[in-house]
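Visitor: What follows is a predicted structure for the sequence shown.
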Amino acid sequence: MKDNMRTQYFAPHWIRISALTLLCAFSPLTQAQDYPNKPITMVMPYAAGGPGDTITRLFAGSMQKILGQQILVDNTAGASGAIGTAKVARAKPDGYNLLMIHVSHATNLAMYKNLAYHPVDDFDPIGSATSGPMVIVARNEFPAKDLNEFVSYLKANQKKVSLAHAGVGSASHLCGLMMMNVLGVQLNEIPYKGTGPALTDLMGGQVDVLCDQTSGTVPSVKNGKIKAYASAGKNRLPSLPDTPAIAEAGVKGFEINISFGLYAPKGTPKPVLDKLTAALQKSVSDPEVIKRLEGMGVAAVSVEQATPNALRAHLKNEIETLGSLLIKAGVQPN
Ligand code: MLT
């Protein structure tokens with residue numbers, strides 16, 4: 001009887017071992033132990049060639065050396081980053097689908113009525129990566145020889161002047177909006193899938209003005225393909241010492257800084273997130289990464305900022321402040 005009960009209620013030894021092995025093979029801890037064991041995709045939700053793409057490729061290149069697996073950059077662009085972001089929100093939370101994004105992760109919540117994701121609920125933050133200023137640039141033939149003439153020309157011509165940006169809620173749109181607000185002008189907005197393509201049109205003279213991150217503009221200003229009128233802030237930028245700060249034209253309250261952060265889909269195993277945060281912290285501490293960013297006028301964040309809690313707090317603050325700023329500025333949600 002006893003033997004029979006044992007057979008009846010306790011599976012044979014080999015079945016229990018196999019079940020235990022299978023259970024271990026799929027436990028988050030085991031998954032993390034050999035993570036990553038295949039290439040990782042890092043979505044940059046703006047077009048190739050822009051400031052976001054430049055920063056994303058720099059970190060992908062650095063982090064892949066640290067993690068020992070290739071990191072492929074995927075420029076799924078459109079709707080000011082919302083299309084690429086939605087792609088990551090619904091991706092498998094296994095550590096192989098990441099998102100590098102900035103302020104539009106916060107502003108899209110206010111700008112799109114039927115957003116396919118929630119920036120907080122559908123993502124696990126890994127950490128912040130960079131922080132950088134913005135600069136007002138124009139096509140070389142733009143008819144203003146300095147900042148004061150630029151301001152006067154905008155006020156006198158308004159809608160005749162085209163202002164490029166990367167979609168409602170993007171950093172370039174926010175900067176353009178702030179510029180129009182402080183100057184009391186309304187320009188003719190031309191949206192692009194990223195400021196990479198916008199810069200191409202600016203260099204070709206097809207569009208007049210762009211307010212963009214230094215990671216997208218400093219090289220083109222330095223090689224004379226476009227001209228810079230002012231940095232969007234109180235002080236001149238070390239990367240563009242000959243360009244005045246907008247405050248020098250008596251314009252107050254126009255200061256904007258753009259920070260990129262790394263996210264994974266909600267539910268990514270914590271040991272995997274920890275590995276990604278550790279790799280990001282090594283990248284922001286890497287002298288080569290720091291030097292490359294400085295050359296674009298951008299700063300790598302501190303190791304303390306390259307953490308999930310710091311990025312979560314930064315995102316919460318941007319959601320609370322920038323969404324209402326856009327609505328107050330009369331921007332209509334799509
Ligand atoms: C923006 O917000 O303007 C984007 O970062 C532009 C880009 O990266 O292409």
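Guide: Nice, thanks for sending it over.
Visitor: Pretty sure Met42 sits in a strand.
Guide: Yes - counting by DSSP: H, G, I helix; E, B strand; the rest coil, Met42 falls inside a strand.
Visitor: gap between it and the ligand?
Guide: Between Met42 and the ligand the computed distance is 14 Å (C-beta to the nearest ligand atom, to the nearest Å). Yep, even glycine has a C-beta here, placed from its N, CA and C like the rest.
Visitor: neighbours around that residue, how many?
Guide: Here the count is done by other C-beta atoms under 10 Å, and Met42 has 21 residues near it.
Visitor: correct me, but it touches Asp74?
Guide: Yes - using C-beta atoms under 8 Å, Met42 is in contact with Asp74, at 6.9 Å.
Visitor: Check the contact lists of these two and give me the overlap.
Guide: Contact with both Met42 and Asp74 is made by no residue, according to C-beta atoms under 8 Å, 6 or more residues apart in numbering.
Visitor: Paired strands for the longest strand along the chain, with orientation please.
Guide: Among all segments of the chain classified by DSSP state E, the strand with the greatest residue count is strand 123-138. The pairing partners recorded for strand 123-138 under DSSP bridges are strand 209-213 (antiparallel), strand 227-231 (antiparallel), strand 257-265 (antiparallel), strand 299-300 (antiparallel).
Visitor: so does it get close to the ligand?
Guide: No - against the ligand, strand 123-138 shows no contacts by C-beta under 6 Å from any ligand atom, the least distance being 8.9 Å.
Visitor: Can you pull the domain assignment for this structure?
Guide: 29-132+258-328, 133-249 (automatic domain parsing).
Visitor: Let me know the average pLDDT across the last one.
Guide: Read that as domain 133-249. Per-region confidence: domain 133-249 scores 95 on mean pLDDT.
Visitor: Could you work out the end-to-end span of that domain for me?
Guide: Here the two ends of domain 133-249 are set 18 Å apart, with distance taken as C-alpha to C-alpha, to the nearest Å.
Visitor: export the strands paired with strand 123-138 to JSON lines and tack on mean neighbour count and distance to Ala156?
Guide: Output for these, formatted as JSON lines (neighbours: other C-beta atoms under 10 Å; distance: least, C-beta to C-beta, whole Å):
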{"stretch": "strand 209-213", "mean neighbour count": "29", "distance to Ala156": "14"}
{"stretch": "strand 227-231", "mean neighbour count": "23", "distance to Ala156": "15"}
{"stretch": "strand 257-265", "mean neighbour count": "24", "distance to Ala156": "30"}
{"stretch": "strand 299-300", "mean neighbour count": "22", "distance to Ala156": "37"}
